[in-house]
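S.K.: Starting from these lines, generate the structure:
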Amino acid sequence: MREPVELRRQRILSVVQSRGAVKVSVLAAELDVSVVTIRRDVEELTRVGRLRRGHGVARPVVDTPEPTAVPAARTEEPAGDGAAVALVVPERHSYLYETLHGARTVLEESGMRIALHIAPQSAGAERPLVERALADGARGLLIAPRWRNARSEELDYGWLAEVGVPTVLMERRPRPGSALHALDSVCSDHWYGTHLAVDHLVSLGHRRIVLAARDDSPTARTIRTAFAEIAAARPEVEDWSIVLSSPAAVPGPGPQTPGAPAEAAPDPDPDPDGDATAVDLAALLRERGATAAVLHGDVDALMLVQRLAEGGVQVPRDCSVVAYDDVVAALGSTPLTAVAPPKAEIGRAAAELLLYRLAGTAGATGPVRRTELLPTLKVRGSAQPVPTPED
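M.R.: This next block holds a predicted model:
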């Protein structure tokens, strides 16, 4: 399903307002559309007074300090002769770009140079980038591997455990007992974030809840597992189910996560080309008598809310919704209540931990740290109490 024009423009506004001036080429790379399309969007947003347009750049209406934008190129070459910290993140991943910017702030304030590497979507893309960074003399590594499925994650365990420089994983928590268990990591407590979403809906009287979630990242898999555990343990929840939030939200080739819990409702069957068919969420809500849904992630959530409206289900009148990620959840025609992982804070904490390891001071070689930061719930009105019979 093609992303609606208005939603794409809302995403452009979100990026520009959070970063200041951003190159059109960067916006095109992050939103996975052509430069020509982004130029037209920026021109229209400028015409209606929501942006200002410069030479190849989109600027906010109110000037803000202009941080260096995430480059569209795969790799940003380190400048100068001093060693740098390598920072590796997936391409076209707005969630992790917020984490990247948090890390960059800390590293730049410390005077540390950054060698930024953007990993393409192909399997195993991070390893050659890390090897290149190490060959260029990188002193440390901050990395958020894509890990679309359990197999791709496991294939990275061996080499990533032996990079030979201080390394901190961002928003990734390796399997217990794996080669990366004893590697510094900083991530969000997504179990707690899922608990916030379910608890909020239960507090409003909802007893039948659907999770429409992705299944193509460690975060997605954690949310799905946590939801099944939390919903099954809450006596107030009478019925729950899990479906895919998007036909493209599947993990790709490779075995699924071992030990994944049984779900009350299975994901849609894949089509002959390997993509899951789009779920009719409105029909599912009616079939199960559900009054609420948790939707992961934001873009899928906004598009599902639009699809619900097309199916005659209005949010929040007919169905309460909590989104998960809070990257653009507030920008929909119906601003969505959302679980907000501390994305920028994850990057800052990871960078601070890496700097601590690099400092060489007493204790810098101390115990491995596995830090979790708790998400928060941003209430915006897309969830409301279940109507009583008198209503």
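
S.K.: which stretches of the stretch 1-150 of the chain form strands?
M.R.: 22-23, 51-54, 57-60, 84-90, 113-119, 140-143 (DSSP state E, counting those that start in this stretch).

S.K.: and those as JSON lines, adding mean neighbour count, distance to residue 283 and mean pLDDT?
M.R.: (C-beta placed from N, C-alpha, C; glycine too.) Converted to JSON lines, these look like this (neighbours: other Cβ atoms under 10 Å; distance: least, Cβ to Cβ, whole Å; pLDDT from 0 to 100):
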{"stretch": "strand 22-23", "mean neighbour count": "22", "distance to residue 283": "39", "mean pLDDT": "83"}
{"stretch": "strand 51-54", "mean neighbour count": "17", "distance to residue 283": "39", "mean pLDDT": "85"}
{"stretch": "strand 57-60", "mean neighbour count": "21", "distance to residue 283": "39", "mean pLDDT": "85"}
{"stretch": "strand 84-90", "mean neighbour count": "25", "distance to residue 283": "33", "mean pLDDT": "92"}
{"stretch": "strand 113-119", "mean neighbour count": "22", "distance to residue 283": "38", "mean pLDDT": "90"}
{"stretch": "strand 140-143", "mean neighbour count": "25", "distance to residue 283": "41", "mean pLDDT": "96"}
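
S.K.: which one of these lies closest to residue 322?
M.R.: strand 84-90 (25.3 Å; Cβ to Cβ).

S.K.: quick one: the closest one to chain centroid distance?
M.R.: 17 Å (Cα atoms, centre = their mean, to the nearest Å).

S.K.: Go ahead and confirm residue 103 touches residue 351.
M.R.: Yes. Residue 103 is in contact with residue 351 according to Cβ atoms under 8 Å; the separation is 4.1 Å.

S.K.: what residues do the two have in common as contacts?
M.R.: Listed as contacting both residue 103 and residue 351 by Cβ atoms under 8 Å, 6 or more residues apart in numbering are residue 142.

S.K.: I'd like the strands of the stretch 1-150 of the chain laid out as a markdown table, including distance to residue 132.
M.R.: What follows is those, written out as a markdown table (distance: least, Cβ to Cβ, whole Å):
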| stretch | distance to residue 132 |
| --- | --- |
| strand 22-23 | 24 |
| strand 51-54 | 33 |
| strand 57-60 | 29 |
| strand 84-90 | 9 |
| strand 113-119 | 8 |
| strand 140-143 | 12 |
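
S.K.: Sketch out the low-pLDDT regions of the stretch 251-391 of the chain for me.
M.R.: 252-278, 361-364, 389-391 (pLDDT under 70).
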